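Colleague: Requesting a structural model of the entry that follows:
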Amino acid sequence: MNTEQLMDMLARDAGPAPRAVVARRLAPVVLLGVLCSSLLALWLIGPLPAEGYLEPAPWIKLVYALAMGVGAGWLTSRLAKPVARVRPPGLLVLAVMGAMLLVGATALGLTPTEARWSAVLGQTWLTCPWTLMGFSLPALAGILWAVRGLAPTQPAQAGWACGLLAGALGAMGYALACPETSSTFVAIWYTVGMLMTALIGRWLGPLVLRW
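Modeller: Now for the predicted structure:
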């Protein structure tokens, strides 16, 4: 059997390619990732008091994490396929991160001088990025599994995107329990935690996404 015969046999009666394959693989693990990070945060730290949601802080955290999740999810879905155009989702990720850093810088500028270190460090700066990253790991495992079953041709970049998406999902769960109220704190330490998860994804990408 020559190559042309093999290709003809494989293509015969194949039917149309399934639609939205990437979304159908990613969507379940994204939902499970949010669920896992939320359950871990509520179990290990405890929920914020209900009155906390009368303040803007929890909503800023959730909106930031959600926006990063949208951008990173778009980037991951692009890198899960060969010959992907990643500039638009990459720019969205940078725009979301830049907007949050601008919000944090503006809030810091409006903070009295004597309270600025408190706004930057809060009470949990040493543990926040590590906790957020830890809550992201179940999502990272699921997302890497989903992308491995697709066709990534840039495993390091795809792993980085998977990690950033997982970090955003971890941030969503962590926001339900995080006691910090400073936008400056969120802009710095949530971003650090998400980028740490992205670096783990980049390290794992060539190991688990190569095919």
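
Colleague: The chain: strands as residue ranges?
Modeller: Using DSSP state E, the chain contains no strands.

Colleague: hey, where'd the helices end up in it?
Modeller: In the chain, the segments counted as helices under DSSP state H are 3-11, 21-44, 57-79, 87-110, 116-121, 128-148, 155-175, 183-185, 191-208.

Colleague: Can you add distance to residue 51, mean neighbour count and mean pLDDT and give the ones you listed back as JSON lines?
Modeller: Yep, even glycine has a C-beta here, placed from its N, CA and C like the rest. Shown next, in JSON lines, are the helices of the chain (distance: least, C-beta to C-beta, whole Å; neighbours: other C-beta atoms under 10 Å; pLDDT from 0 to 100):
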{"stretch": "helix 3-11", "distance to residue 51": "62", "mean neighbour count": "9", "mean pLDDT": "52"}
{"stretch": "helix 21-44", "distance to residue 51": "17", "mean neighbour count": "18", "mean pLDDT": "94"}
{"stretch": "helix 57-79", "distance to residue 51": "11", "mean neighbour count": "22", "mean pLDDT": "96"}
{"stretch": "helix 87-110", "distance to residue 51": "21", "mean neighbour count": "15", "mean pLDDT": "96"}
{"stretch": "helix 116-121", "distance to residue 51": "21", "mean neighbour count": "15", "mean pLDDT": "96"}
{"stretch": "helix 128-148", "distance to residue 51": "22", "mean neighbour count": "23", "mean pLDDT": "96"}
{"stretch": "helix 155-175", "distance to residue 51": "16", "mean neighbour count": "29", "mean pLDDT": "97"}
{"stretch": "helix 183-185", "distance to residue 51": "19", "mean neighbour count": "24", "mean pLDDT": "97"}
{"stretch": "helix 191-208", "distance to residue 51": "26", "mean neighbour count": "20", "mean pLDDT": "97"}
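
Colleague: Spit out the contact partners of the most centrally placed residue in the chain.
Modeller: Taking C-alpha atoms, centre = their mean, the centroid of the chain lies closest to residue 165, which sits 2.1 Å from it. Residues near residue 165 by C-beta atoms under 8 Å, 6 or more residues apart in numbering: 30, 69, 72, 73, 75, 76, 139, 143.

Colleague: how about a cut-off of 10 Å?
Modeller: Residue 165 makes contacts with 26, 29-30, 33, 68-77, 93, 136, 139-140, 143, 147, 194, 197-198, 201, as judged by C-beta atoms under 10 Å, 6 or more residues apart in numbering.

Colleague: Residue 169 now?
Modeller: 29-38, 65-66, 68-69, 72-73, 135-136, 138-140, 142-143, 194, 197.

Colleague: one step back: next, format the helices of the chain as CSV and append distance to residue 50.
Modeller: Output for the helices of the chain, formatted as CSV (distance: least, C-beta to C-beta, whole Å):
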stretch, distance to residue 50
helix 3-11, 58
helix 21-44, 13
helix 57-79, 11
helix 87-110, 24
helix 116-121, 24
helix 128-148, 22
helix 155-175, 15
helix 183-185, 21
helix 191-208, 25
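
Colleague: hang on, the earlier thing: how close does the residue nearest to the centre of the chain get to residue 143?
Modeller: Distance of residue 165 to residue 143, given as C-beta to C-beta, to the nearest Å: 6 Å.

Colleague: hey, what's in contact with both of these two?
Modeller: 26, 29, 30, 33, 72, 73, 76, 136, 201.

Colleague: This completes my enquiry, with thanks.
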